[in-house]
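**Student:** Okay, predicted coordinates and the sequence, questions at the end:
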Amino acid sequence: MLSGLQAVMDPTEIVGIVNTGDDTELHGLHISPDLDTITYTLSGVANPITGWGITGDTFRAMEALERFGAVTWFRLGDADLATHLYRTGRIRDGATLSEVTAEISRAFRLAISLLPMSDDPVRTRLRLEDGREVAFQEYFVKMRHSVVVEHVRFAGAELAEPAPGVLAALESAEIVVVAPSNPVVSIGPILAVPGVASVLQARRDSVVAVSPIVAGAALKGPADRLLVELRGEASAAGVARFLRAWVGTLVIDDTDGGLADEVRAAGLNCVVAPTVMRTPERAAALARVVLGVTVDLGRSHDASASPGA
């Protein structure tokens, strides 16, 4: 979504607020998977096959760690390790996560501003059907998100503060775009940071989300299963009901056009368009649709105004 947006507008006018509930510590390193995946993608070095890591990366460090019986189910490429080493060292020197994120963004020559949702530690924890509680990466990577989840919580969220610039960006942006990410474990942690949800609720009419569910399924990841396990439903209409407190418009895929009335019944405006971003061109086309919502809302407000108002 961010790639599509930067293709059709000035990227220096885009602020990406990124989930850090997936962050973890491994081998003594602070790893921020979402920040890194977005950074690598926007800079053009991301591995398009895996969806994570760096194209052409090697794994000699992981192979060496296997000799010691160390944890290697979370694969870290050698070039990828450099990012984690730098981040960890800077944080130990006293830098904040947002300061380090800005430094890494500059190193990868990003024009978009990336902000972690918080500089404070917030960690996604999942309680499984068998009663165990596990960290997100254990669920997502080690268990391949193939186990039933009964509850999700965001440890530390109640004590966290939004990172510098987060609330200001949400308050001042012409439009807030919610990418088609997992609403439970990608969007949920951001909303759990105090102050974020209230700002979005206050400007709900100009918040536009793209449904991560297409024809009843997630294109990747466990969004559909989590929605079924925790909410009883995985559909574009179900996403609308899940987000309606703070989202004013939902863009749904044209294969789900028959659900548009259900989305509207949930209290949201509904836009039907192709949402599967298989190519850069399709991502740019979707970005134009999303940005066009602001124009349409402006026209609607103009049309409803009384003469001389």
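**Tutor:** Alright, I've got the coordinates. Numbers count the residues shown, from 1 in each chain.
**Student:** buried sites along stretch 147-158?
**Tutor:** Val147, Val149, Val152, Phe154, Ala155, Gly156, Ala157 (16 or more other Cβ atoms under 10 Å). The C-beta positions use only the backbone N, C-alpha and C, and glycine is treated the same way.
**Student:** next one: stretch 130-143
**Tutor:** Buried, per 16+ other Cβ under 10 Å, within stretch 130-143: Val134, Ala135, Phe136, Gln137, Glu138, Tyr139, Phe140, Val141.
**Student:** swap in stretch 270-284?
**Tutor:** Neighbour-count burial for stretch 270-284 [16+ other Cβ under 10 Å]: Cys270, Val271, Val272, Ala273, Thr275, Met277, Ala283, Ala284.
**Student:** what sits against the last one?
**Tutor:** In this case it means Ala284. Gly4, Ala7, Val8 (Cβ atoms under 8 Å, 6 or more residues apart in numbering).
**Student:** Would you confirm that the last one contacts Leu291?
**Tutor:** Right, the one you point to is Val8. Yes. If you go by Cβ atoms under 8 Å, Val8 and Leu291 touch, sitting 7.0 Å apart.
**Student:** residue boundaries of the strands in the protein?
**Tutor:** 15-18, 24-26, 29-31, 113-116, 123-128, 133-135, 149-155, 176-178, 207-210, 213-214, 217-218, 249-252, 269-272 (DSSP state E).
**Student:** Take those strands and lay them out in TSV including mean pLDDT.
**Tutor:** Shown next, in TSV, are these (pLDDT from 0 to 100):
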stretch	mean pLDDT
strand 15-18	98
strand 24-26	97
strand 29-31	98
strand 113-116	98
strand 123-128	98
strand 133-135	98
strand 149-155	98
strand 176-178	98
strand 207-210	98
strand 213-214	97
strand 217-218	96
strand 249-252	98
strand 269-272	97
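**Student:** between these, which one is nearest to Ala102?
**Tutor:** Nearest to Ala102, of all the strands of the chain, is strand 113-116, at 7.7 Å by Cβ to Cβ.
**Student:** Give the pairing partners of the closest one; include direction for each.
**Tutor:** strand 15-18 (parallel) (DSSP bridges).
**Student:** and the strand it pairs with, how far out from the chain's middle?
**Tutor:** Relative to its chain's centre, strand 15-18 lies at 8 Å (Cα atoms, centre = their mean, to the nearest Å).
**Student:** Save the strands of the chain as a markdown table, and put in distance to Pro164 too.
**Tutor:** Compiled in a markdown table, the strands of the chain are given as follows (distance: least, Cβ to Cβ, whole Å):
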| stretch | distance to Pro164 |
| --- | --- |
| strand 15-18 | 12 |
| strand 24-26 | 23 |
| strand 29-31 | 18 |
| strand 113-116 | 8 |
| strand 123-128 | 21 |
| strand 133-135 | 26 |
| strand 149-155 | 20 |
| strand 176-178 | 18 |
| strand 207-210 | 22 |
| strand 213-214 | 33 |
| strand 217-218 | 32 |
| strand 249-252 | 28 |
| strand 269-272 | 32 |
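**Student:** quick one: low-confidence ranges for the stretch 151-300 of the chain?
**Tutor:** Applying pLDDT under 70 to the stretch 151-300 of the chain flags residues 295-300.
**Student:** Pull out the buried positions in stretch 4-24.
**Tutor:** Buried, per 16+ other Cβ under 10 Å, within stretch 4-24: 4-6, 11, 14-24.
**Student:** Could I get the contacting residues of Ala197?
**Tutor:** By Cβ under 8 Å, 6+ apart, the residues touching Ala197 are Leu191, Ala245, Trp246.
**Student:** scratch that, Leu250 is what I was asking about
**Tutor:** 208-211, 236, 239-240, 243, 263, 268-271 are the contacts of Leu250 under Cβ under 8 Å, 6+ apart.
**Student:** if you set the cut-off to 6 Å instead, what comes out?
**Tutor:** Counting by Cβ atoms under 6 Å, 6 or more residues apart in numbering, Leu250 makes contact with Ala209, Ser211, Ala240, Val263, Leu268, Cys270.
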